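Student: here is my input, please return the structure:
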Amino acid sequence: MRSVPVLSVLLAASAVHAQVCDRWVKVSEGGYTPSDYHHAVYDAQAGHTLMVATNPSAAGDFVETWAWDGSAWTKLSGSGPARRYNSAMAYDADRGRAVLAAGHVVKLGGTQPDTWEWDGVKWTEVDYGHIASVRGHEMAYDSWRGVAVLWGGSFEETFPEKVYEWDGVKWKEHLPVVPSPAGRGGHAMAFDAARGVTVMYGGAWGGLTRRDLWEWDGEGWTLRVEEAPLDFQVGSMLIYDSRREVCVLYGGNQGSVYLDEMWEWDGMNWRKVPTAFVAGRARRNAGFAYDADRGVYVLAGGYGRPDGSPPQPMKDTWEYRPCDPDCDRDCDLDVFDYLCFQDKFASGSMYADFERDGDLDVFDFLAFLDEFVGGCP
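Tutor: Below is the predicted model:
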């Protein structure tokens, strides 16, 4: 490992000591159609957050598709899949397609085993009948193997435990293996690209809310945490922060209580991100995505209780910008963050790529120091 003199870094570190965790900002009020169910992914090819209102409050028979560019929402489509709830969506980064699957179709009054893809212009139905007609399931895109992973949900009062994987052409069904998580709905999933596993947390089955965390590697499940330190919750959203190499969980509800909590899973431990509680931000089943180009989490829509009012579809947009130099994730900038950065650099973690050039070299030390001294405004 190449090194640089650290004295200046240590002196700068001793002079900077700031709380850097509570970084939510409301950036928009309205601009899209409210819905009690939203899905969001970051469309890297288009350079915007793609959000689908699957059960829009406006009259109509179809989902609505919206784009957020960091300053305004733009409606992209009002046609395609029939309006529904308890569906799931993932973004295939290799093909530049958003994949939407199954859910309870409102007009038909039941679940459908359909699969749709968004190519940046329009929706196309690409498969029918090769997955279970589930609702309350979740999806995540496995970039290591090039497949969208679907698991969970309910089907005719049962909770299938099969894993389905979509490669862009066909679905592959994996029968339940031992060990395997108990079937459920309302859980959260994301793909950890640093470790090559799909992370699944929480959900509920038969009135029993779960706090276990499992990981799927394409062949089997591994139970990582049996009882997480989080509150029992359903309808939470899980994303992967590729910059910091952590999965980030937000929101959900416990009955009539909506949560405004954010947690990080680094592959070993859960950590609660300290933020001030804002009742009007708490929600479940919202659009939640990581904008990798701008380095922010985008939160919009879903179902909550704005300003303590009765539960209703939400219509605001929030962004959260992590403080990247806070390497040890303790909400303070100090000398330990520099030592943590050194460890990350030595291990080859792309977190240490502060130049954002895809390479680890001595200039990343200088870029880290620049951001560190800046104090994450």
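
Student: and the spatially most central residue of the chain, what element?
Tutor: Central residue of the chain (CA atoms, centre = their mean): I239, 1.9 Å from the mean position. Assigning secondary structure by DSSP states H and E places I239 in strand 237-241.

Student: what average pLDDT does that strand get?
Tutor: For strand 237-241, mean pLDDT rounds to 98.

Student: and what of stretch 315-330?
Tutor: The average pLDDT for stretch 315-330 rounds to 92.

Student: now it: buried residues?
Tutor: Buried residues in stretch 315-330, defined by neighbour count with 16 or more other CB atoms under 10 Å: 315-327, 329. (Glycine included, C-beta is placed from N, CA and C.)

Student: which pair in those spans the largest distance?
Tutor: Between any two of the buried residues of stretch 315-330, the greatest separation by CB to CB is 36.0 Å, found for K315 and C327.

Student: for the residue nearest to P181 when sequence neighbours are not counted, give me its contacts.
Tutor: Leaving aside its sequence neighbours, P181 sits nearest to W214 (CB to CB, 6 or more residues apart in numbering; 4.6 Å). For W214, the contact set (CB atoms under 8 Å, 6 or more residues apart in numbering) comprises P181, V199, M200, Y201, W221, T222, L223, R224.

Student: next one: P181
Tutor: Residues in contact with P181 (CB under 8 Å, 6+ apart) are E161, M200, D212, W214, W221, L223.

Student: same check, this time on E29
Tutor: With contact taken as CB under 8 Å, 6+ apart, E29 is in contact with K315, D316, T317.

Student: what's the closest of these to E245?
Tutor: Closest to E245 out of these is T317 (25.7 Å), distances taken as CB to CB.

Student: element containing the nearest residue to that closest one once chain neighbours are set aside, please.
Tutor: Once flanking residues are discounted, T317 sits nearest to S28: 3.9 Å by CB to CB, 6+ apart. In this structure, S28 sits in strand 24-29 according to DSSP H and E.

Student: now the angle from the next helix or strand along the chain from that strand to strand 237-241?
Tutor: Remark: after strand 24-29, the chain's next helix or strand is strand 38-43, criterion DSSP H and E. Per axes from the mean of the first three to the mean of the last three CA atoms, to 10 degrees, the angle that strand 38-43 makes with strand 237-241 is 10 degrees.

Student: restricting to C-alpha, output the helix or strand following strand 38-43 in CSV.
Tutor: Going down the chain from strand 38-43, the next helix or strand is strand 48-53, by DSSP H and E. The C-alpha coordinates for strand 48-53 follow below in CSV (Å, rounded to 0.1, in the frame of the first residue of the first chain):
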residue,chain,number,x,y,z
HIS,A,48,-32.6,9.6,-12.7
THR,A,49,-34.6,7.9,-10.0
LEU,A,50,-37.4,5.9,-11.6
MET,A,51,-40.5,5.6,-9.4
VAL,A,52,-43.7,3.7,-10.2
ALA,A,53,-47.0,4.5,-8.4
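
Student: can you give the contact residues for strand 48-53?
Tutor: Under the contact criterion CB under 8 Å, 6+ apart, strand 48-53 has outside partners 32-35, 37-43, 63-70, 76, 89, 91, 98, 100, 118, 287, 289, 291, 298, 300-301.

Student: filter those down to the buried ones.
Tutor: Buried members of the contacts of strand 48-53, scored by 16+ other CB under 10 Å, are 32-35, 37-43, 63-68, 76, 89, 91, 98, 100, 118, 287, 289, 291, 298, 300-301.

Student: that older thread, quick one: secondary structure of the closest residue to the residue nearest to the centre of the chain other than its chain neighbours?
Tutor: Spatial nearest neighbour of I239, excluding adjacent residues (CB to CB, 6+ apart): Y290 at 4.7 Å. Here Y290 is recorded as strand under DSSP: H, G, I helix; E, B strand; the rest coil.

Student: thought Y290 was touching D241?
Tutor: Yes: in this structure Y290 lies within contact range of D241 using CB atoms under 8 Å: 5.4 Å.

Student: what strands line up against whichever strand or helix holds W263, and which way round?
Tutor: Using DSSP H and E, W263 falls within strand 262-265. Using DSSP bridges, strand 262-265 pairs in its sheet with strand 246-250 (antiparallel), strand 270-272 (antiparallel).

Student: what does the average pLDDT come to for the first one?
Tutor: Per-residue pLDDT values over strand 246-250 give a mean of 97.

Student: what's the answer for stretch 78-97, then?
Tutor: On average, stretch 78-97 scores 96.

Student: got the buried residues for it?
Tutor: Residues of stretch 78-97 classed as buried by neighbour count (16+ other CB under 10 Å): 78, 80-93, 97.

Student: can you give me the strands in the stretch 1-150 of the chain?
Tutor: Assigned by DSSP state E, counting those that start in this stretch, the strands in the stretch 1-150 of the chain fall at 24-29, 38-43, 48-53, 64-68, 73-77, 84-85, 88-92, 97-101, 104-105, 110-111, 114-118, 123-128, 138-142, 147-151.

Student: how about the helices in the stretch 201-350 of the chain?
Tutor: Taking DSSP state H, counting those that start in this stretch as the test, the helices found in the stretch 201-350 of the chain are 335-347.

Student: low-confidence ranges in it?
Tutor: Along the stretch 201-350 of the chain, no part satisfies pLDDT under 70.

Student: sorry, back to before: now the strands of the stretch 1-150 of the chain as a markdown table including distance to F365?
Tutor: Formatted as a markdown table, those follow (distance: least, CB to CB, whole Å):
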| stretch | distance to F365 |
| --- | --- |
| strand 24-29 | 30 |
| strand 38-43 | 29 |
| strand 48-53 | 32 |
| strand 64-68 | 34 |
| strand 73-77 | 39 |
| strand 84-85 | 49 |
| strand 88-92 | 33 |
| strand 97-101 | 38 |
| strand 104-105 | 52 |
| strand 110-111 | 53 |
| strand 114-118 | 41 |
| strand 123-128 | 46 |
| strand 138-142 | 33 |
| strand 147-151 | 37 |
